[in-house]
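Asks: Need a 3D model of the following:
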Amino acid sequence: MRVGVFTDGLGHLSLDDALGWLEAELPEVKDLEIGTGGFSPAPHCDVDALGADPAAARAWLEGIESRGFRLAALNANGNPLEDPDHDRALRSTIALAAVLGVDTVACMSGGRPELSGGAWFPGVEDAVDSYWRERVLPYWTAITELAARESERLRLCLELEPGSAAFNTSTVERLLEVSPLVAVNVDPSHSFWQSIDPLAAIRRLGARIGFAHGKDTVFDEGKTSVDGLLDRTSWRYATVGRGHGHEWWVSFVRALRDAGYDGVVSIEHEDEAVTPEAGIAESGRALVQAVAEASR
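Replies: Residues are numbered from 1 along each chain as shown. Below is the predicted model of the structure:
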């Protein structure tokens, strides 16, 4: 297993400068996840330009590989079900992945946020079921057919977060039935604030895990005690190790390994309490140590 980085966290730098920073600060990290659209501003990849010019796409990839890095995944996280721009970004990302020989696209199922997680009003369950039958399942059936035409190796790895139709283990299992090309991007930070045990989820998902993110969650106990976990101000995403200690992250790596996953744990920096450079460096050191210890 290897540690990587989602370069959107260094989006204030050019790709060249971001690679230079990684070479100096985290020389062990050689795997990159690069944003291509959707929620990502895609600071390091012009998916439309590269998709229209295969020679330029290959030259772009060669520029990354010539410095000793690997392109582990393209990221088109977004809401492709409801946002036409996000839908186009996902389709363009699938096409570019095929050109580049990349077999992992990180994405989200999309959805109507008011139908995802926690709502109880009468009629909501019927609305959720109708939305899945009429929108979610047909869309992902079509997208996986598109992906299969582009590359049978490609896996669409869904990140699970409330707001998306697939936001926990049971909901994503419904989409996993659509196609073997659908997999899961395990991000423990989203599990923590839903009171999901990420290690239990990993054991259940097993071989359908196609990618993983390294990101933590910190809770405000004062807020949580009066407003609960559904209140967004009760918690924040955090640098690896700031919410859960070293032993937990070793257990996370071991659980992934035991489930048959031997890929990349990609650092996703979304900690507002520290600078991107500080957060990514701290997360990187923590994950490199956890991977090394879990491998003994």
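
Asks: Tell me, please, where in this protein the pLDDT is lower than the cut-off.
Replies: 118 (pLDDT under 70).

Asks: Recalculate using a threshold of 50.
Replies: Across the chain, nothing is flagged by pLDDT under 50.

Asks: tell me, which helix in it spans the most residues?
Replies: helix 276-294 (DSSP state H).

Asks: helices or strands up against that helix?
Replies: For helix 276-294, the packing partners by 3 or more Cβ pairs under 8 Å, 6 or more residues apart in numbering; DSSP states H and E come out as strand 2-6, helix 15-25, helix 246-258, strand 264-267. Where C-beta positions appear, they are placed from N, C-alpha and C, glycine not excepted.

Asks: Need the contact partners of whatever helix or strand residue 175 lives in.
Replies: Element membership for residue 175, per DSSP states H and E: helix 169-176. For helix 169-176, contacts defined as Cβ atoms under 8 Å, 6 or more residues apart in numbering pick out 109, 132, 136-137, 140, 158, 160, 165-166, 182-184, 196, 201, 204-205, 208.

Asks: try it again with 6 Å
Replies: 140, 158, 160, 166, 182, 184, 201, 204, 208 (Cβ atoms under 6 Å, 6 or more residues apart in numbering).

Asks: Emit the ChimeraX select command for whichever of those are buried.
Replies: Restricted to buried positions by 16 or more other Cβ atoms under 10 Å, the ChimeraX selection for those reads:
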select :140,158,160,166,182,184,201,208
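
Asks: In strands, which of the contacts of helix 169-176 appear?
Replies: If you go by DSSP state E, those have 158, 182, 184 in strands.

Asks: re the thing from before, pull out the buried positions in the longest helix of the chain.
Replies: Neighbour-count burial for helix 276-294 [16+ other Cβ under 10 Å]: 276, 279-291, 294.

Asks: Residues touching stretch 104-124, excluding its own?
Replies: For stretch 104-124, using Cβ under 6 Å, 6+ apart, the contacting residues are 73-77, 79-81, 90, 93, 97, 127-128, 131, 155-159, 162-167, 185, 211, 230.

Asks: meant to ask about stretch 191-198, not that
Replies: Residues contacting stretch 191-198 (Cβ under 6 Å, 6+ apart): 188, 217, 229, 235.

Asks: do stretch 48-62 as well
Replies: Outside stretch 48-62, the residues that reach it (Cβ under 6 Å, 6+ apart) are 92, 95-96, 99-100.

Asks: how about JSON lines for those residues, with distance to residue 261 added?
Replies: As requested, the contacts of stretch 48-62 are exported to JSON lines (distance: Cβ to Cβ, whole Å):
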{"residue": "92", "distance to residue 261": "27"}
{"residue": "95", "distance to residue 261": "26"}
{"residue": "96", "distance to residue 261": "24"}
{"residue": "99", "distance to residue 261": "26"}
{"residue": "100", "distance to residue 261": "22"}
